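Colleague: Based on what follows, work out the 3D shape:
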Amino acid sequence: MALQILAGSSCPEFADTIAKKIGCPINRNHLSTSRFSNGETRAVIQNSVRDAHVFILQTAAEPVNDMLMELLITVHACKIASARRITVVLPCFPYARQDKKDRSRAPITAKLVANILESAGCHHIITMDLHASQIQGFFDIPVDKLLLTASPVQLYAETTMTEYLRQEYAQEDMVIVSPDAGGARRAAAIADRLRVDLALIHKERKVVNQVSRMILVGGVAGKTAIIVDDIADTCGTLALAAQVLIDNGAQRCIAIVTHGFLSGQALQVIEKSALERLVVTNTLPLPEKAKSCSKIHTIDVGSTIAEAIRRTHNGES
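Modeller: Numbers count the residues shown, from 1 in each chain. A predicted model of the protein is given here:
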């Protein structure tokens, strides 16, 4: 079964990085995407994908709705073009923060996204650092004799983050901090790998995207505090957490995050905050303004995703 890689318009540079690591070049003319005058998306597969294993690379970059629709149309185009297997590679899963019914009449949009991806025709999902692990359970797993299952594979950026921290900072002066209870497992895994202490910040929200109060649990005095999280959006939480840590005696504060949305006034918030550095992975393209910000650094997780693609195609564990 031939391997073919299609790259959506959300992450062309990241797709090129992955393709080089796999040794399977991406033909930019293979997938043609365009917009009608009324905004409708059109995606056409220019070359044959019949009987091929097609990997479609897309991520939750802005505009998220357009990127998601482009992905769904591309999956469906591959399906009706007789691709034998379609694997969607979503480094950042769209709508992952809407993973539960947290109030009356609220939607579980992550479940909806899972449903429409399956309905479009994808057989496999590869993603990284889901906001909530239960999203894996939103996918049905129909298994037939051809093993065309709709199963999500979640990768973690922990190894890449750990290696980065080992190279940049002295472990004896380090403490890993989770900015909320939900990220405690992620932070604990990195703390265990580095064999350093763990601290936790309990935050209370009265309004979505606004933190009303933060309480630190654990000691950070005289330490380099490393805040570990999966998403940096408006960065208000990171800025408040950094200030809490500095107020409690931390020598300096660094944040390391998997998905850097950096929306709204995020860059101004980072510049004014007590954060010494914000490290994000390249699961999302960095905004142009962010590239010139001295506090923002990027680490590459392309090797992890490329290896996942190679093993998935070869049927390896």
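Colleague: Pick out the residue closest to the middle of this protein.
Modeller: Nearest to the mean C-alpha position of the chain, counting by Cα atoms, centre = their mean, stands Cys92 at 3.1 Å.
Colleague: got a list of what that residue touches?
Modeller: Taking Cβ atoms under 8 Å, 6 or more residues apart in numbering, we find Cys92 in contact with Thr59, Ala60, Ala61, Thr127, Met128, Thr258, His259, Thr283, Leu284. Any C-beta I mention is one placed from the backbone N, CA and C, and that applies to glycine too.
Colleague: Compare these and tell me which is most surrounded.
Modeller: Thr258 (28 neighbours; other Cβ atoms under 10 Å).
Colleague: ok so, going back, pick the one among the contacts of Cys92 closest to Ala77.
Modeller: Thr59 (18.8 Å; Cβ to Cβ).
Colleague: Surely the closest one is in a strand?
Modeller: No: looking at Thr59 with DSSP: H, G, I helix; E, B strand; the rest coil, it is coil, so not inside a strand.
Colleague: Please tell me I have it right and it contacts Phe14.
Modeller: Yes: taking Cβ atoms under 8 Å as the definition, Thr59 is a contact partner of Phe14 at 7.3 Å.
Colleague: Just the strands from this protein, written as ranges.
Modeller: Secondary structure of the chain (DSSP state E): strands located at 3-7, 31-35, 41-45, 53-57, 85-90, 124-128, 151-155, 174-178, 197-207, 210-217, 224-232, 252-260, 277-281, 296-299.
Colleague: Could you report the neighbour count for Ser9?
Modeller: Ser9 has 17 neighbours, counted by other Cβ under 10 Å.
Colleague: ranges for the helices of the stretch 51-200 of the chain?
Modeller: Using DSSP state H, counting those that start in this stretch, the helices of the stretch 51-200 of the chain run over 64-80, 109-120, 158-168, 184-194.
Colleague: Need the residues touching each of Thr59 and Phe14.
Modeller: With Cβ under 8 Å, 6+ apart as the test, Thr59 and Phe14 both reach Pro91, Thr283, Pro285.
Colleague: What sits closest to the last one if chain neighbours are left out?
Modeller: I take that to be Pro285. Ala61 (5.6 Å; Cβ to Cβ, 6 or more residues apart in numbering).
Colleague: Verify the contact between the one you found and Ser10 for me.
Modeller: Yes: counting by Cβ under 8 Å, Ser10 is a contact partner of Ala61 at 4.0 Å.
Colleague: Overlap of the contact sets of those two?
Modeller: Counting by Cβ under 8 Å, 6+ apart, the residues touching both Ala61 and Ser10 are Met67, Pro285.
Colleague: Who are the contact partners of Val88?
Modeller: By Cβ under 8 Å, 6+ apart, the residues touching Val88 are Phe55, Ile56, Gln58, Leu71, Val75, Leu117, Cys122, His124, Ile125, Ile126.
Colleague: Tabulate the helices of the stretch 51-200 of the chain (CSV), appending distance to Val217.
Modeller: Formatted as CSV, these follow (distance: least, Cβ to Cβ, whole Å):
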stretch, distance to Val217
helix 64-80, 34
helix 109-120, 29
helix 158-168, 21
helix 184-194, 10
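Colleague: For Thr258, see how far away the nearest residue to Lys289 once chain neighbours are set aside is.
Modeller: In space, Lys289 comes closest to Leu267 once its chain neighbours are excluded; the distance is 5.6 Å by Cβ to Cβ, 6+ apart. Here Leu267 is placed at a distance of 18 Å from Thr258 (Cβ to Cβ, to the nearest Å).
Colleague: same check, this time on Leu200
Modeller: Taken as Cβ to Cβ, the span from Leu200 to Thr258 is 19 Å.
Colleague: same check, this time on Val220
Modeller: 22 Å.
Colleague: burial count for Gly30?
Modeller: No, residue 30 isn't Gly; it's His. Per other Cβ under 10 Å, the neighbour tally for His30 reads 16.
Colleague: again with the one 10 residues further on
Modeller: The local packing of Glu40 (other Cβ under 10 Å) involves 10 other residues.
Colleague: just the one 5 residues further on next, same as before
Modeller: Applying other Cβ under 10 Å, we find 18 residues neighbouring Ile45.
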